[in-house]
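Novice: Below are the sequence and a predicted model; questions follow.
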Amino acid sequence: MTKLAFVLGSNWLLSIAELLVYIQDKGFDGTLIDHSRNAAIVDIKQRLDSDQIVDMQSALGGCYKIGKVIWEYDIDVPLKAYPARNVANKEDLDEIRKCPWLKIVWPRVKGKKVKFGISTYPIFDGRFPINFRSFTRGLDDRVKKLLVENGARRADYFAYDEPDRRVEARLNIALWPKTIAQNALLATPNAEILAIFSEEKLYIARTRIVYDSMLQQYRDESRPFVSSEISTSPKICRTLLTLAGARPGDTILDPFCGTGTILMEAAILGMECIGVDIEGDQVQGARSNMKWLGKDLGMKLEYDIFKGDSRELSSLVKKQVDAVAFEPPLGPIYKKPPLRDEAEKTIKELTALYRQALTEIANILRPDGRVAMTIPVINTDGDPLSIKFRDLIGGTGLALYRMLPGDSIKSRKDVHPRLRIRPSRELIPERKRGQVVQRALIVLEK
């Protein structure tokens, strides 16, 4: 049995959906037993080794850290030990300060120099009756003291307590992956400790693997061709690949490949790639990027990139593909919400394009294959407008694949409204502030 803690991306619901799809596809017997908007706790019946956890992190686009849960407290203990307004309860404070999990992380510390950090993940955004800053700093100081008392030659901790780089008003008292990598905090005897709060528990976990943000930044800045238009982020690309069920060794197709971001991520994960795009400049850019990536990785990549129309895939792609992942054109880039009539015309045109492409995709997709894609959600001068599934997939040979299966989620009736998960979702929104055209992710199956 392996109880894992996953630090989620900003779209927590999409991160959980992707995680559960991955667990199911790998054949693991896993259940989401608890979650917040920052982290998920998953109980997997099988015992996973380090390589399996590393592979999991590599595949998941919506997960920044994975840790093994080593201790749990009922939420009443930190609530009374570090109340936001009232006086701390001494017994509960002493219970936290005992740090009984310390020996699990550092069984033999005598004579060693230790670097560590406590990363705290609140339930929402910090508005909870716990003083999370006091908790984090108090735990940092306490662990340092206990390590020295246990014989460590030296103990130093790293702390982050500044506005979130993504949302300035959000509380952030967790270490960034870059800090962890630069200071080798995952190399023994060093450690990062995750303190994850849910409505019912405080989970203590030791980080096993983190997202390599520095490597991703290097690839983004070093690849030879970058589109001047809005491109799909590498993490969303990995999420699409996971939702499509793509595995190392599979042949994957991106029928609107642009400059090849999805193809690059697939190649890094050991997949064979086929890309199609109607724009010659984009095709050349994708080929240049894949050629550069092969040299950077020091290996020969298996890929074909064709100039052509995705509505005529059967004439371009002469082999069966295992999975399809793509972000199609999402329509005009509006500076302000359009009139509803204008948005309806755009949706109608895009539905026809997607439908024709999906019909072609079904002809070359393996019998049990899946398609993961984005669709637009246009904020009009009235209500948001999106594509109707019946118009999109009727007669294509594809059906909706529903995400967030109920039998993989341990639900509670009294869960906070901001934490509720509606099982069997048809789509999951992926919103960005200020954008008129939002997007949602859907999965189809043959």
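Specialist: Structure's in. What do you need?
Novice: what's the helix or strand of the chain with the lowest mean pLDDT in contact with?
Specialist: Least confident helix or strand, the chain: helix 213-222 with a mean of 85, by mean pLDDT, DSSP states H and E. Helix 213-222 is contacted by residues Trp176, Pro177, Lys178, Ala181, Val226, Pro234, Met264, Trp292, Leu293, Asp296 when judged by CB atoms under 8 Å, 6 or more residues apart in numbering. Every residue, glycine included, has its C-beta placed from N, CA and C.
Novice: Cross-check the contact I'm expecting between Leu444 and Val371.
Specialist: Yes. Proximity of Leu444 to Val371 meets the contact threshold set by CB atoms under 8 Å, at 4.3 Å.
Novice: which of these two has more neighbours?
Specialist: A count of neighbours by other CB atoms under 10 Å puts Val371 above the other of Leu444 and Val371, at 29 against 24.
Novice: which SS state does that one fall under?
Specialist: The assignment at Val371 comes out as strand when based on DSSP: H, G, I helix; E, B strand; the rest coil.
Novice: so Val415 makes contact with Glu199?
Specialist: Yes. The pair Val415 and Glu199 qualifies as a contact (CB under 8 Å) at a distance of 6.9 Å.
Novice: and Ala343, how many residues sit next to it?
Specialist: The burial count assigned to Ala343 is 26, neighbours taken as other CB under 10 Å.
Novice: I'd assumed it was in a strand, is it?
Specialist: No. Applying three-state DSSP, one finds Ala343 to be helix, outside a strand.
Novice: mind checking pLDDT for it?
Specialist: Predicted confidence (pLDDT) for Ala343: 95.
Novice: didn't it look like it was pressed against Leu385?
Specialist: Yes. Here Ala343 reaches Leu385: they are 4.7 Å apart, a contact under CB under 8 Å.
Novice: Residues that sit against both of the two, list them.
Specialist: Listed contacts common to Ala343 and Leu385 are Ile378; contacts here mean CB under 8 Å, 6+ apart.
Novice: Give the residue spans of the protein that score low on pLDDT.
Specialist: 125-127, 161-171, 228-230 (pLDDT under 70).
Novice: can you give me the helices for it?
Specialist: In the chain, the helices defined using DSSP state H lie at 12-25, 50-59, 76-81, 90-97, 102-105, 132-149, 177-182, 213-222, 234-243, 261-268, 280-297, 313-316, 340-364, 389-393.
Novice: Which among these is found nearest to Asp250?
Specialist: Taking CB to CB, helix 261-268 is the member of these nearest to Asp250, at 8.4 Å.
Novice: circling back to that earlier point, now the contacts of helix 213-222 as CSV including neighbour count and distance to Lys318?
Specialist: Formatted as CSV, the contacts of helix 213-222 follow (neighbours: other CB atoms under 10 Å; distance: CB to CB, whole Å):
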residue, neighbour count, distance to Lys318
Trp176, 16, 45
Pro177, 19, 41
Lys178, 14, 44
Ala181, 16, 43
Val226, 13, 30
Pro234, 18, 29
Met264, 24, 23
Trp292, 16, 27
Leu293, 22, 24
Asp296, 14, 29
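Novice: can you list the residues you listed in CSV and add distance to Tyr157?
Specialist: Shown next, in CSV, are those (distance: CB to CB, whole Å):
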residue, distance to Tyr157
Trp176, 15
Pro177, 17
Lys178, 17
Ala181, 16
Val226, 38
Pro234, 31
Met264, 36
Trp292, 39
Leu293, 37
Asp296, 35
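Novice: For these, name the two members farthest from one another.
Specialist: Trp176 and Trp292 (27.0 Å).
Novice: Show me the residue sitting in the middle of this protein in space.
Specialist: By CA atoms, centre = their mean, the mean C-alpha position of the chain lies nearest to Gly62, the distance being 0.2 Å.
Novice: Show the contacting residues for the residue lying closest to that residue once chain neighbours are set aside.
Specialist: Excluding the flanking residues, the one nearest Gly62 by CB to CB, 6 or more residues apart in numbering is Ser15, at 3.2 Å. Counting by CB under 8 Å, 6+ apart, Ser15 touches Phe6, Leu8, Gly9, Ala40, Leu60, Gly62, Cys63.
Novice: hmm, 6 Å instead?
Specialist: Listed by CB atoms under 6 Å, 6 or more residues apart in numbering, the contact partners of Ser15 are Leu8, Gly9, Gly62.
Novice: what do you get for Ala191?
Specialist: Val105, Phe116, Arg206.
Novice: What distance do you get for it to Trp71?
Specialist: Distance, Ala191 to Trp71, using CB to CB, to the nearest Å: 13 Å.
Novice: hey, what's in contact with both of those two?
Specialist: Counting by CB under 6 Å, 6+ apart, Ala191 and Trp71 have no shared contacts at all.
Novice: Can you get me the start-to-end distance on stretch 386-400?
Specialist: Its start and end residues considered, stretch 386-400 measures 16 Å (CA to CA, to the nearest Å).
Novice: Other residues contacting it?
Specialist: Counting contacts by CB under 6 Å, 6+ apart, the residues outside stretch 386-400 that touch it are Ile347, Thr351, Arg355, Leu358, Thr359, Ala362, Ile375, Val377, Glu426, Leu444, Glu445, Lys446.
Novice: For PyMOL, write the selection for the buried entries among those residues.
Specialist: In PyMOL syntax, the buried subset of those is picked out as below (16 or more other CB atoms under 10 Å):
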select buried, resi 347+351+355+358+359+362+375+377+444+446
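Novice: Can you give me the neighbour number for Gly434?
Specialist: Using other CB under 10 Å: Gly434 sits among 5 other residues.
Novice: I'd like the distance between it and Tyr82.
Specialist: 36 Å.
Novice: From Trp176, how far out is the spatially closest residue to Met403 that is not a sequence neighbour?
Specialist: Leaving aside its sequence neighbours, Met403 sits nearest to Ala17 (CB to CB, 6+ apart; 4.3 Å). Separation of Ala17 from Trp176 (CB to CB) stands at 24 Å.
Novice: next one: Arg390
Specialist: 44 Å.
Novice: cool, and Ala155?
Specialist: Look at Ala155 and Trp176: by CB to CB, they are 21 Å apart.
Novice: again, but for Gly62
Specialist: Taking CB to CB, one finds Gly62 at 17 Å from Trp176.
Novice: Since that was my last question, I'll sign off now.
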